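*Asks:* Build me a model from this:
(chains A and B)
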Amino acid sequence: MNDAAKELLPADVEPRWQHGESVLISERSYAAHRVDHGSGEVTWWLLDDTDLRLQQNRAELLARMSNALMTSLNPERCMSVVAELAATHLADEVLVIAPGTTEGHAVTRCRRGEQPTHELLRVDVEEVVGLSEALKGFPPVPSRWIDPAAAPAWLAHDVSSIVVTPLPGHGVPAGALILMRRDGRFDEDEESFARLFASRAGVAMSAAWLFTQQAVITERLTMDLLPPLLRRYEHVDLAGRYRAAQDTERVGGDFYDVHEREDGELFVVLGDVCGKGLDAAVQTGRVRTTVHALLPVVADHDQLLRSLNQALLTSDRTRFITVVVATVTPREDGLHVRLTSGGHPPALIVRADGGVEAAKTRGTLVGILPEIVTTTDEVVLAPGDSCLLHTDGITEAVGGPLGDEEFGEQRLLRALGECRGMPAEALAEHVHMLASQWIGEGTHDDMAVVAITAPRRR
Amino acid sequence: MPETAVQVGAADALWEAALDGDERRATDVVLKAAEEDGHEFVLLDVIGAVQRRVGLEWAANRISVAQEHAITAINDRAVSALSVARPYEPPKHGRVTVACVDGEWHALPARLLSEVLVLRGFRVDYLGAQVPTPHLITHLHRTGPDVVALSSSIATRLPIAHATMTACQAAGVPVMVGGAAFGEGGKYARRFGANAWASDARQAADMLVEKRLPAPGAPHQPVDDLPHLVDQEYTLVTRSTPTLVRSVYRALEERLPAMKSYDDEQRQHTAEDLKHIVEFLATALYVDDAELFRTFMAWTTDVLVARSVPARVLGPTLELLSAELRDFPRARRMIDSVR
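*Replies:* Numbering: from 1, shown residues only, chains lettered A, B, ... in the order given. All right, here's what the predicted structure looks like:
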């Protein structure tokens, strides 16, 4: 058969057909199928499978491209992936242009075989015919050929053909893809494949823009709800730890805050809004703002909590809170801490000699009854002593080796007995760790801890 | 690196200061040593050395977990002091995210790596410990780093580490891992498909300076890396851990009458020891390595002896555990290889 074919084919082609294989002749591919008729006669079928193979390769390529495209929701990385894929499979040089912001257009450039580069360009996209429409994503525009001679310098030089393709973002502008060849043009087939690629790239890019937009909004809105970063003070060692109930959220219904008063005095508040999740977190924001605003105008803790109670009663009656407040005053003999609780677990005092006691504070929940009652306790923290404020997320943590036990106050007191002389940072971390390890992989409530320590003197 | 007299001197001085809870002295020691030997040296061979010693002293029961935290807190402050004293230089290499695997409490190794990478000219986002995986992935999408460096020191975090690695790779970011959890020579790192493994912070920095890690391949599932997981032994043992601990504990009480007079604290300790044994067994099942379980049991015996707890409970414990897990051939083989 191969001998027979040789007669028919140009002299430089050596056919080596075998059953089930394809051979390339004059840029087309032919698959050979041998059929035996039993009488010694054989029929060879030669089928032109050029288009089939092209489609197979493209399908494979598209699958690989889609895999690469769907990985990242980071716009810059997404643009790099698009540029690199296009430069490897579609063109000699590629530009991916993001929709403009006030700062200009983010542009990723990639030459075949090189790493993509990213830059911010302040350019006038109107200079390039069809580019501004492609970037807007509406009205729909087809791919457009650009005359390389008329292309601005930032776009290209030394290329023989340029085609601008919009990246369809489906309601969200996703940018444009510019493909360039050094020699030769794109044929119709290549152009249609480029469109197919662009439609996938557009989906990936618009997803990345949307995600970024939402993430920025979330970050801005929750920034004030996050626990504050505690700074260092000369006479007071302070540390806090926080973990929201839901791993997908950073904020929850527990909160703490520290405010600096006159004469080196510090005001610390820690509390728990009933409920968890975002709704509770929003309420913590209100409570924190209210406390901050009330501080300069109230005379003492009792008045503060009464005013807070009134404020909560007249706003959201569905959520009450428990709260503990502490005013820390550095004195000669250590830190004088005035503590008042509104229905909150009492502060625990960890003495430098290993003794642990609970502050004698009592008080009603805040935000549920028209009147509340509070008692203030004053403790003196000698150097090396600490005062621990915590929410019930710590003591009511369920888990342990048997899986269903509460961490409980007794265990916390016992653990604190081993914490004598610890710096605030270590104490807060230790308590947070014990509760978290107790919980293990199980679900938990919001947890907040603040440690106030009188530094040891040297 | 051979230990010089200066280094031993500084590390000892820092150890003494940290043990004493004296932050000011600790800070003085590191700042002075940094002037003489450079920041990287102090981070890895003074502070790092003290932190390694913390682990050893704790295992030998010479310090408590509480003391471990106190020393680490002082060490951490010393790192901050060094960080403030570092002259600013604009980053010249890529961007790296450094984080601990969720549930990992030993944040200092990751922090030391971050500081070293900054010194070497990387732009670093240090996320610290207790980072839930969803936060880490969101961070990766938001910042698009060139690589994420994950640290884990406790073997029982390995399954989570693996899931986190796969998730980072699916977000298109190559993963470098390090820390004691990944085993000798990083054997588990390879099995989990890490894009790189480094034995310590210095090697990690060297590797990242030398070359950019290529983007990870197509997204895959953890089970693709570990085909033995199809027997579900890991899943079932993990799910029934509390039940296993409870039944073994009860049966132990029958065998060892002395346990009946245990107080609350002793009871909790024993139950926690049992839980650790089951957790390490589950981890060994996850990575399919009986050696991991053997090493843990040998270490437990040492720790129990150091804590003056009779190690004789271990024999009956393993026997009871093996009986409870009669339907799990892989688990039984592992337990029997220790008995």
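
*Asks:* Tell me which residue in chain B sits closest to chain A.
*Replies:* Relative to chain A, the nearest point of chain B is B:P242 (2.7 Å; C-beta to the nearest C-beta). C-beta coordinates here come from the backbone N, C-alpha and C atoms, glycine included.

*Asks:* So for residue 30, what's the nearest residue that isn't a sequence neighbour?
*Replies:* You didn't pick a chain, so chain A it is. Spatial nearest neighbour of A:Y30, chain neighbours left out: A:L46 (4.8 Å); criterion: C-beta to C-beta, 6 or more residues apart in numbering or on different chains.

*Asks:* not what I meant, chain B
*Replies:* Nearest one to B:V30, counting by C-beta to C-beta, 6+ apart, is B:A78 at 4.5 Å.

*Asks:* Just the pLDDT at that neighbour, thanks.
*Replies:* If you check B:A78, the pLDDT there is 94.

*Asks:* again, but for B:V6
*Replies:* 52.

*Asks:* Please apply the same query to B:S308.
*Replies:* Reported pLDDT for B:S308: 69.

*Asks:* Also A:R317?
*Replies:* 64.

*Asks:* those helices in the stretch 1-150 of chain A, which residues are they?
*Replies:* A:2-8, A:50-69, A:75-89, A:131-136 (DSSP state H, counting those that start in this stretch).

*Asks:* Mind putting those helices into TSV with mean neighbour count, distance to chain B and mean pLDDT?
*Replies:* What follows is the helices of the stretch 1-150 of chain A, written out as TSV (neighbours: other C-beta atoms under 10 Å in any protein chain shown; distance: least, C-beta to the nearest C-beta, whole Å; pLDDT from 0 to 100):
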stretch	mean neighbour count	distance to chain B	mean pLDDT
helix A:2-8	11	40	75
helix A:50-69	14	4	89
helix A:75-89	24	4	94
helix A:131-136	20	22	87
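
*Asks:* Switch those over to a markdown table; also include distance to B:T166.
*Replies:* Output for the helices of the stretch 1-150 of chain A, formatted as a markdown table (distance: least, C-beta to C-beta, whole Å):
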| stretch | distance to B:T166 |
| --- | --- |
| helix A:2-8 | 50 |
| helix A:50-69 | 15 |
| helix A:75-89 | 18 |
| helix A:131-136 | 36 |
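
*Asks:* Give me the spatial nearest neighbour of A:T364, chain neighbours excluded.
*Replies:* Nearest non-adjacent residue to A:T364, counting by C-beta to C-beta, 6+ apart: A:I372, 4.4 Å away.

*Asks:* Look up phi and psi at the one you found.
*Replies:* The phi/psi pair for A:I372 (degrees, to the nearest 10) reads phi -130, psi 160.

*Asks:* right, is the lengthiest helix in chain A up against chain B?
*Replies:* Secondary structure assigned by DSSP state H gives helix A:188-223 as the longest helix of chain A. Yes - interface with chain B: helix A:188-223 contributes A:A208, A:F211, A:T212, A:A215 (C-beta under 8 Å from any C-beta of the partner chain).

*Asks:* Would you indicate which residues of that helix are buried?
*Replies:* If you call a residue buried by 16 or more other C-beta atoms under 10 Å in any protein chain shown, then helix A:188-223 has these buried ones: A:190-191, A:193-194, A:197-198, A:200-212, A:222.

*Asks:* now do stretch A:91-108
*Replies:* For stretch A:91-108, the neighbour count (16+ other C-beta under 10 Å) marks A:91-100, A:105-108 as buried.

*Asks:* from those residues, which are also near chain B?
*Replies:* Among the buried residues of stretch A:91-108, no residue is within reach of chain B (C-beta under 8 Å from any C-beta).
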